[in-house]
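Undergrad: Kindly generate the corresponding structure for this input.
(2 chains)
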2 protein chains.
Amino acid sequence: MLPCTSLPQAPQVVGILGGMGPAAGADFVRLFVQACTDRMGALGIPVHDQAYPEHWLAQVPIPDRTAALHDTRPGAHQPADPMLQATGRLAALGARVVAIACNTAHAWHGLLQQRFPQMTVLHGVQEVAADLALRHVHGVGLLATQGAYEAGLYQRELKHRDIDCFVPEPPERDQLMQGIYDGVKAGNYALARQRFESVSLVLQQRYGVSTLIMGCTEIPLALSEHPRLEGLTLVNPSLVLAAALARHAYGNVAQDFLPAAQ
Amino acid sequence: MLPCTSLPQAPQVVGILGGMGPAAGADFVRLFVQACTDRMGALGIPVHDQAYPEHWLAQVPIPDRTAALHDTRPGAHQPADPMLQATGRLAALGARVVAIACNTAHAWHGLLQQRFPQMTVLHGVQEVAADLALRHVHGVGLLATQGAYEAGLYQRELKHRDIDCFVPEPPERDQLMQGIYDGVKAGNYALARQRFESVSLVLQQRYGVSTLIMGCTEIPLALSEHPRLEGLTLVNPSLVLAAALARHAYGNVAQDFLPAAQ
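TA: So this is what the prediction gives:
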């Protein structure tokens, strides 16, 4: 056995808090693995199975986030407890950085970060706002859940970055909720696609935006760029968050983990 | 709080042992979530986030399986210890059933099942053989790693089911290993596809088989049915194993979890 000090510094162990919904959690892992492959390419690390960061995906049943943001009575069925419990278990597994694979669940980000100060809980919405600012985007349309709209999750972070955020009207929000709940979460992707496309075109026409944030992890599972949405750039927050998680995972990789020093 | 006895029996907690490679582990979760959606459909359970079984994916760095099957000297870098450790952690998380998202790693299935008798460790290769027998398939071609060929993993289980198993010659096995290691595991999917297709066509022509087992989790990531492979049915063992895991997860769901009894 080599003494600990001479062991190469491997990537950090990371955790993914999923289950909101499970298909989105699975897709997030796919995006994270791809982001790690890209990161290794950028760092000059040869890509092989053992060069990926250890990562754990928790797909646990968590009460609905939008419903909870509506019903704030004491005792109401809240997602906070199962989210805290799963995050604690990811911490016990050794995770130093955690990503939440659900946009609306970021309403509880502060609580999670406060309860687990030893870990970095990434803020996906802040990552997206920072990414858009870096790309000099000045205005976006927002597709999200009713809960995310009402909690102002994206509106607040985009305002900090001086990015205008255009949101749909109540009947269009209902269409999105149908696409998310009766569509993706119920396995009806055709319905979901129709609802998401319809609201996307409305936002494009009404506000003249050319960038749309797919601000619910279910939306990119059914909506993708194609001829009907020509002229629209669809931002997938999971992609941005997965890249941030990969950056953190390899952030402390010592030079002796790199091939040049071996 | 309801007393425990009157709580509806939720699906069982399940674990997925991945990281071999990580892209295949991510894809396995996707297939498992889809299998759960299908299972709920068959059982008449309305599909929503909270109706999925709690599941945990462990993507840990595990030494190469084929290399380990070649080097059996004491002290050689073996995958058994990290596989046992990760399986133990899945058990500690409450998993009652575990699936191994790697065909070649099934060489250690017996060890894992023996050390964790309180859990069911599914045997993916046996599941595939049983599935083929059920579909009255009498002969198949096998695409796999060198390690899986040498350990006779599929050959043995197929023989039990009276299914003829045709394997490639050494130079073709080298092509498959290139596709798996220099291809998928190194992020070069075009190379992988070319190698896998080439060996598939050889097996089809030489042995007249119309069914091929993609007996390494990396293969279906780069190979899929298309015109060049006309007349070939490609069996994805991950799909069969994911369906088995979903069946086990919902196997003990009591009637009072079903909507009719609520």
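Undergrad: Please count neighbours and contacts with C-alpha atoms only from this point.
TA: OK.
Undergrad: So whichever strand or helix holds A:A243, near chain B or not?
TA: Following DSSP states H and E, one finds A:A243 within helix A:237-250. No: judged by C-alpha under 8 Å from any C-alpha of the partner chain, helix A:237-250 and chain B are separated, with a smallest distance of 13.1 Å.
Undergrad: which secondary structure elements does that helix contact?
TA: The contact analysis (3 or more C-alpha pairs under 8 Å, 6 or more residues apart in numbering or on different chains; DSSP states H and E) places helix A:237-250 against helix A:22-43, strand A:97-100, helix A:124-134.
Undergrad: Following element in sequence after the second one, please.
TA: Where DSSP H and E defines the elements, the next helix or strand beyond strand A:97-100 is helix A:109-115.
Undergrad: Name the residues of stretch A:162-180 that are buried.
TA: Burial within stretch A:162-180, assessed by neighbour count using 16 or more other C-alpha atoms under 10 Å in any protein chain shown, is assigned to A:163, A:165-168, A:172-173, A:175-180.
Undergrad: Can you pick out the most distant pair from those residues?
TA: Using C-alpha to C-alpha, these span at most 27.6 Å, a distance reached by A:I163 and A:Q178.
Undergrad: still on that earlier bit, out of the helices and strands packed on helix A:237-250, which gets nearest to chain B?
TA: Closest approach to chain B among the helices and strands packed on helix A:237-250 (C-alpha to the nearest C-alpha): helix A:22-43, 5.2 Å.
Undergrad: pLDDT on that closest one, on average?
TA: Across helix A:22-43, pLDDT averages out at 97.
Undergrad: got the contact list for A:R247?
TA: Contacts for A:R247 were tallied using C-alpha atoms under 8 Å, 6 or more residues apart in numbering or on different chains; they are A:C36, A:R39.
Undergrad: pLDDT wise, what is it at?
TA: For A:R247, the model assigns a pLDDT of 97.
Undergrad: any idea how far it is from A:L241?
TA: A:R247 is 10 Å from A:L241, where distance means C-alpha to C-alpha, to the nearest Å.
Undergrad: A:G139 against A:V209, yeah?
TA: Yes: using C-alpha atoms under 8 Å, A:G139 is in contact with A:V209, at 6.6 Å.
Undergrad: distance of the residue in the stretch 101-250 of chain A positioned nearest to chain B from B:V47?
TA: Relative to chain B, the nearest point of the stretch 101-250 of chain A is A:A186 (5.0 Å; C-alpha to the nearest C-alpha). Going from A:A186 to B:V47 by C-alpha to C-alpha gives 5 Å.
Undergrad: Pick out whichever of those two has more residues nearby.
TA: More crowded of A:A186 and B:V47, by other C-alpha atoms under 10 Å in any protein chain shown: B:V47, with 20 against 17.
Undergrad: Next one: that one, what pLDDT does it get?
TA: On the pLDDT scale, B:V47 is placed at 92.
Undergrad: A helix includes A:D162, no?
TA: No: looking at A:D162 with DSSP: H, G, I helix; E, B strand; the rest coil, it is coil, so not inside a helix.
Undergrad: In space, what's closest to it - neighbours in sequence excluded?
TA: A:H138 (7.1 Å; C-alpha to C-alpha, 6 or more residues apart in numbering or on different chains).
Undergrad: which bits of the stretch 51-200 of chain A sit near chain B?
TA: A:51-63, A:89, A:93, A:181, A:185-187.
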